[in-house]
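1. I need the structure of the sequence given here:
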Amino acid sequence: MKAIKQTLILAIFFLLSANIFAQTTVMIGPRVTGNFNIYNQKGLTGTWNGLGVGIGGTVDVTFGRMLGLMVNLTGFDMKNFSNSVTQNNQTTETSFSLSYLTIDPMFKMEFSGFYMIAGPSLGIKLSASGEQTTSAAGMQPNVQTLSPDTKSVRFDITAGTGYTFKLSPDLGLATDFMVYIPITDTFNAPGLSNSILSLKLGVAIKFKI
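-> Numbers count the residues shown, from 1 in each chain. This is a model prediction of the structure:
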């Protein structure tokens, strides 16, 4: 009797697995984003933000009709930000340009093209540079190069929503909006909390494989 039950359970498992794989859809394609970055630091005054771009690709896997996985790989993810202060007719502008290789493995729920995604995000630093420019009326601007000490790896929690427009049975155009909530500091500054919150608008072309 026990052997019959085990055989029945295995048969049901294989039938469900076969049904899921039969309904699995895999789409892959290039993706670009526009990034709005907001820098926060304990005790910092003024507004520090900036725009950047991201260039990479996406893999979109749907199991059945609703559940799936999505992985975004951004080969060049810009997190730029700057600040400008004017005092006594003198303006000082400080800007930082940071770039990362970013991978976002996320869970997905989809409803007739509309989807919600959430998961962790890992970023590996590619470059970090900065510049400070001081200028005043009638004077030559003074430009100073900065060498920011940033962490080599960053972690975020990301969540977002999007919609895939079906252009043909094997081709889709997806748009999405995502929020990246930092869980690690950006700069190596022990005891000084600092991080970048990023908002992204993305567009991807997805090909069914």
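2. can you list the weak-confidence ranges in the protein?
-> 1-23 (pLDDT under 70).
3. could you pull out the strands in it for me?
-> 25-41, 49-63, 67-78, 81-87, 90-111, 114-136, 142-146, 153-168, 171-182, 194-208 (DSSP state E).
4. now the angle from the longest one to strand 90-111?
-> What that stands for is strand 114-136. With axes from the mean of the first three to the mean of the last three CA atoms, to 10 degrees defining the directions, strand 114-136 sits at 180 degrees from strand 90-111.
5. strand 114-136 versus strand 171-182: what angle between them?
-> Using the same axes, to 10 degrees: strand 114-136 against strand 171-182 is 60 degrees.
6. helices or strands up against strand 114-136?
-> strand 67-78, strand 90-111, strand 142-146, strand 153-168, strand 171-182 (3 or more CB pairs under 8 Å, 6 or more residues apart in numbering; DSSP states H and E). In this view, the C-beta of every residue, glycine as well, is placed from N, C-alpha and C.
7. relative to strand 67-78, how tilted is it?
-> Using the same axes, to 10 degrees: strand 114-136 against strand 67-78 is 10 degrees.
8. who does Gln41 bridge with?
-> Judged by DSSP bridges, the bridge partners of Gln41 are Asn194.
9. isn't it up against Asn194?
-> Yes - the criterion here is CB atoms under 8 Å, and Gln41 meets it with Asn194 at 4.1 Å.
10. those two: which is more packed in?
-> For Gln41 versus Asn194, the count of surrounding residues by other CB atoms under 10 Å is larger for Asn194: 19 against 16.
11. still on that earlier bit, okay, the strands of the chain in CSV with distance to Asn188 next?
-> Rendered in CSV, the data for the strands of the chain read as follows (distance: least, CB to CB, whole Å):
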stretch, distance to Asn188
strand 25-41, 13
strand 49-63, 20
strand 67-78, 20
strand 81-87, 17
strand 90-111, 13
strand 114-136, 11
strand 142-146, 14
strand 153-168, 12
strand 171-182, 15
strand 194-208, 10
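12. contacting residues around the residue lying closest to Thr145 once chain neighbours are set aside?
-> With CB to CB, 6 or more residues apart in numbering as the measure, Glu131 is the residue that lies nearest to Thr145, at 6.0 Å, once sequence neighbours are left out. Going by CB atoms under 8 Å, 6 or more residues apart in numbering, Glu131 touches Thr94, Ser95, Val143, Gln144, Thr145, Leu146.
13. try it again with 10 Å
-> Residues near Glu131 by CB atoms under 10 Å, 6 or more residues apart in numbering: Ser82, Glu93, Thr94, Ser95, Phe96, Ser97, Val143, Gln144, Thr145, Leu146.
14. and stretch 167-176, how far apart are its ends?
-> Using CA to CA, to the nearest Å, one end of stretch 167-176 lies 17 Å from the other.
15. check which residues of that stretch are buried.
-> Gly172, Ala174, Asp176 (16 or more other CB atoms under 10 Å).
16. likewise for stretch 72-82?
-> So stretch 72-82, judged by 16+ other CB under 10 Å, has buried residues Asn72, Thr74, Asp77, Met78, Lys79, Asn80, Phe81, Ser82.
17. how about Pro141, phi and psi?
-> phi -60, psi 140 (degrees, to the nearest 10).
18. what's near enough to touch the closest residue to it other than its chain neighbours?
-> Using CB to CB, 6+ apart and skipping the chain neighbours, the partner closest in space to Pro141 is Ser135 (4.1 Å). Going by CB under 10 Å, 6+ apart, Ser135 touches Thr86, Gln90, Thr91, Thr92, Glu93, Pro141, Asn142, Val143.
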